[in-house]
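Colleague: Provided below are the primary sequence and the corresponding predicted coordinates.
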Amino acid sequence: MKRVFVCSPFAAPAPSLLRENVLLAESICRQIALGGDAPFAPHLLLPRFLRDDHPDERDLGIRCGLAWLPVCDELWVNGAESHGMRREIHDAQQMGIPVRRPA
């Protein structure tokens, strides 16, 4: 079972767009799990207790998610790339972790 880091947008200017981003991440996680692998989407977990609208807590959340990246086998990129996503992609590439962009 591969460990797949899910990289997709989270923050959004409107609640309806935030909900769309959450639904996208959930859908990707479902696809990965049903495919027999273990998804990890830090942006679905960490905002439950860290405030994304506070810059220090947002940065902490990104760093917490990145702490899990070294144990992942792949990083899947979905959706329009945000600043946080570009950081995750860059770090994965630096670690030699394959970056996939599933259709």
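Modeller: The structure has been received and is ready for your questions.

Colleague: rest of the way, CA atoms for contacts and neighbours
Modeller: OK.

Colleague: tell me the secondary structure of residue 61, please.
Modeller: Of the three states, residue 61 takes helix under DSSP: H, G, I helix; E, B strand; the rest coil.

Colleague: hang on, isn't it packed against residue 45?
Modeller: No. In this structure residue 61 lies outside contact range of residue 45 using Cα atoms under 8 Å: 9.4 Å.

Colleague: of these two, who's got more company?
Modeller: More crowded of residue 61 and residue 45, by other Cα atoms under 10 Å: residue 61, with 21 against 12.

Colleague: which residues touch that one?
Modeller: Residues in contact with residue 61 (Cα atoms under 8 Å, 6 or more residues apart in numbering) are 42-43, 46-47, 50, 52.

Colleague: sort the residues you listed by pLDDT and name the bottom one.
Modeller: Ranked by pLDDT, the contacts of residue 61 bottom out at residue 52, which scores 88.
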